[in-house]
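Participant: Sequence and computational prediction follow.
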Amino acid sequence: METIKKRKQTAVYVYEAPLRLWHWVTVLSVIVLCVTGYFIGSPLPTMPGEAIDNYLMGYIRFAHFTAGYIAAIGFLGRIYWAFAGNSHARELFMPKLFSRKWWGEVWHEVRWYLFLEKTPKKYIGHNPLGQMAMFFFFVLGMIFMIITGFALYSEGLGQGSWADTMFGWVIPMMGQSQDVHTWHHLGMWYLIIFIMLHVYVAIREDIMSRQSLISTMVGGWRMFKDDRPD
Amino acid sequence: MIESQHPQGEPADGVTLMPQSIETFYEVMRRQGITRRSFLKYCSLTAAALGLGPTFAPRIAHAMETKERTPVIWVHGLECTCCSESFIRSAHPLVKDVVLSMISLDYDDTLMAAAGHQAEAALEETIQKYKGKYILAVEGNPPLNEDGMFCIVGGKPFLDQLKHAAKDAAAVIAWGSCASWGCVQAARPNPTQAVPIHKVITDKPIIKVPGCPPIAEVMTGVITYMLTFGRLPELDRQGRPKMFYSQRIHDKCYRRPHFDAGQFVEQWDDESARKGYCLYKVGCKGPTTYNACSTVRWNEGTSFPIQAGHGCIGCSEDGFWDKGSFYDRLTNIPQFGIEKNADEIGMAVAGGVGAAVAAHAAVSAVKRAQHKGDQE
């Protein structure tokens, strides 16, 4: 703190265009996935008329599978971007779990949320607590959902399909198909809880912290509200 | 009757010279009064049942005309005999008769004429005589608790008999969900520590034919395949024959169009139930159950549970007794004390998090209002 490290610039370009695009594509597809997934587990009331005139479950499942593909391919693209993009693109995947300083800042951030710190620290990228939540809730949650999701999808594609070859092993590992369904369902709630916290914290920090949050994910620029040191 | 089928005058160490005196399948059939015409029909039927093309019918016929019967030892552990009951009701009468006689069923304590010491002697004799050649069919499973004392066969734990018989078997068939997964006797809390046979037999190929019971035609189909082609049928990742267990009930269900249309039975006595809509919402386990019920059906192809208006209970799946009610779509998770499904748990946690977020937001707003003007 004592080192006088004045920020010359008040705005930094943090999130490059592909990353922002990925974020919002993921937002949309995850919303579609949660809604359609819920209705696959607890279907809507029975449709009137003949079966030939209706295809509601078919459409819901189609939307789920399509959104699943988009989210999964997007996630792969995001992993690629961790290598191709700037240093902030790597934060999501690498919380510095072995750095004492990093844990100290996690603690500082926890105290900030418990109203025990008056001023938060400045961060160009994620703050350490946010980075940890991103990794454990979002990254691991998404990987879990992609693996279990495609394992369930492989049941429809059939034995010997690419999805069966790559993810079919998950089903006997978890017991049987019904167990994979249950875990996939719990995974949805895990991500929903992440979304609730993520949205709340983004709004709160946008108002109360010393840098911009929401506009950064739209335009890519991190705005700092003051020129005091970090 | 089974005793009488033993080949006579075999050398005790007749491992290398597989008995010329054993009849071929075809000879057995003819001896049983089956015409050649019926025999060829049976071969075509079997080819179809196994999912093979019509060109395989003559190959099956050829194999049956030239191959010796294979001895089968059929042992019973903790079980209810529903597998045997299903097996002897195999739809095509020919299949039952032929399979029962052609597989030289040397030991089956439920079906064999001999009893007591005689029966046990027959088992021993078969094991010695056909070392490494016989097929071991296991119905039921061994309980491990108290050194296996919960299932005694011939005065000894079934566990011992199973291990003994498996040691020299060429291959092992796990009949039914008991032998394949554990079934009801392995359901929580499993006081006898019943385990599926693959936990005990680890050095032999095991063909799992799950179901409670398995479909008769599936059982005879698996045996016929092995005897005809002299090798195991192609198995899936969990050891089930692909020809019967590669698809879910749901994939071939005749009510599937109603599922895709979003037309469900909501109550057992509603209009949808009368119209024969999909039973998904009333807990049908068809979408998670691998079996051939919706194609082969039961009792000479008469019907199967869903056709009778009741959902599938998933009896051929691992641990189906412990997955909550047969009538719920979403599985209960017993680890949460009072059984809850994933949605109930998820909503409760999300509600808690939502309340926490709201409270935190309120405190944040108050704090901010208090310190207005402090900043900058």
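Facilitator: Sure, I can see it. Note that the structure is a prediction, hence the values are computed from the model and not measured.
Participant: Without its sequence neighbours, what residue ends up closest to B:Pro54?
Facilitator: Leaving aside its sequence neighbours, B:Pro54 sits nearest to B:Ala47 (Cβ to Cβ, 6 or more residues apart in numbering or on different chains; 6.7 Å). C-betas here are computed from N, CA, C, even on glycine.
Participant: What about the one you found, how many residues nearby?
Facilitator: Neighbourhood size, B:Ala47 [other Cβ atoms under 10 Å in any protein chain shown]: 21.
Participant: For it, pull up the helix or strand it's in.
Facilitator: Assessed by DSSP states H and E, B:Ala47 sits inside helix B:36-49.
Participant: what's around B:Tyr327, how many residues?
Facilitator: 14.
Participant: what does B:Glu234 give?
Facilitator: Counted with other Cβ under 10 Å, residues neighbouring B:Glu234 total 11.
Participant: where does it sit relative to chain A, distance-wise?
Facilitator: B:Glu234 sits 10 Å away from chain A, taking Cβ to the nearest Cβ, to the nearest Å as the criterion.
Participant: Local confidence estimate at that residue?
Facilitator: If you check B:Glu234, the pLDDT there is 92.
Participant: just checking, it touches B:Lys242?
Facilitator: Yes: taking contacts as Cβ atoms under 8 Å, B:Glu234 lies within contact range of B:Lys242: 4.7 Å.
Participant: Quick one, grab the pLDDT at B:Glu339.
Facilitator: 71.
Participant: Give the closest residue to it in space, chain neighbours not counted.
Facilitator: B:Glu339 sits nearest to B:Asn332 (Cβ to Cβ, 6+ apart), 3.8 Å away.
Participant: Bridged to that neighbour, which residues?
Facilitator: Applying DSSP bridges to B:Asn332 gives these bridge partners: B:Asn341.
Participant: Counting neighbours, what do you get for it?
Facilitator: 19.
Participant: in terms of contact, does it touch B:Ala342 like I think?
Facilitator: No: B:Asn332 is not in contact with B:Ala342 according to Cβ under 8 Å; the separation is 9.2 Å.
Participant: Contacts only, for the closest residue to B:Pro257 other than its chain neighbours.
Facilitator: Leaving out its chain neighbours, the residue that sits closest to B:Pro257 by Cβ to Cβ, 6+ apart is A:Ala51, at 4.4 Å. A:Ala51 makes contacts with B:257-258, B:260-261, B:263, as judged by Cβ atoms under 8 Å, 6 or more residues apart in numbering or on different chains.
Participant: can we see that at 7 Å?
Facilitator: Going by Cβ atoms under 7 Å, 6 or more residues apart in numbering or on different chains, A:Ala51 touches B:257-258, B:261, B:263.
Participant: pLDDT score assigned to it?
Facilitator: 91.
Participant: where do the strands sit along chain A?
Facilitator: In chain A, the segments counted as strands under DSSP state E are A:11-13, A:221-223.
Participant: Listing request: residues of the chain with sub-threshold pLDDT.
Facilitator: This is for chain A. Filtered on pLDDT under 70, chain A yields the residue ranges A:1-9, A:230.
Participant: that's the other chain; I wanted chain B
Facilitator: Chain B contains residues with pLDDT under 70 at B:1-22, B:91-104, B:335-338, B:372-376.
Participant: Can you give the domain ranges for it?
Facilitator: Domain assignment for chain B by automatic domain parsing gives B:3-245, B:249-329.
Participant: What residues does chain A have near chain B?
Facilitator: Residues of chain A lying close to chain B by Cβ under 7 Å from any Cβ of the partner chain are A:41-44, A:46-47, A:51, A:54-58, A:115, A:155, A:159, A:168-169, A:172, A:175-178, A:181-182, A:185-186, A:188-189, A:192-193, A:196-197, A:200, A:204, A:208, A:226.
Participant: Buried members of these into PyMOL, please.
Facilitator: Filtering the residues of chain A next to chain B down to the buried ones (16 or more other Cβ atoms under 10 Å in any protein chain shown) takes a single PyMOL command:
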select buried, chain A and resi 41+43+46+47+51+54+55+56+57+155+159+168+172+175+176+177+178+181+182+185+186+188+189+192+193+197+200+204
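Participant: re earlier: I figured the residue nearest to B:Pro54 hits B:Pro58, correct?
Facilitator: No: here B:Ala47 does not reach B:Pro58: they are 9.0 Å apart, not a contact under Cβ atoms under 7 Å.
Participant: Would you format the domains of chain B as JSON lines with distance to A:Met94 included?
Facilitator: As requested, the domains of chain B are arranged in JSON lines below (distance: least, Cβ to Cβ, whole Å):
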{"stretch": "domain B:3-245", "distance to A:Met94": "34"}
{"stretch": "domain B:249-329", "distance to A:Met94": "37"}
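Participant: Nearest residue to the middle of the chain?
Facilitator: Just so you know, I chose chain A. With distances taken as Cα atoms, centre = their mean, A:Phe138 lies nearest the centre of chain A, 3.9 Å away.
Participant: so how far is B:Leu162 from that residue?
Facilitator: As judged by Cβ to Cβ, to the nearest Å, A:Phe138 and B:Leu162 stand 49 Å apart.
Participant: Run through the strands of the stretch 1-150 of chain B in chain order.
Facilitator: In the stretch 1-150 of chain B, the strands defined using DSSP state E, counting those that start in this stretch lie at B:72-76, B:105-108, B:135-139.
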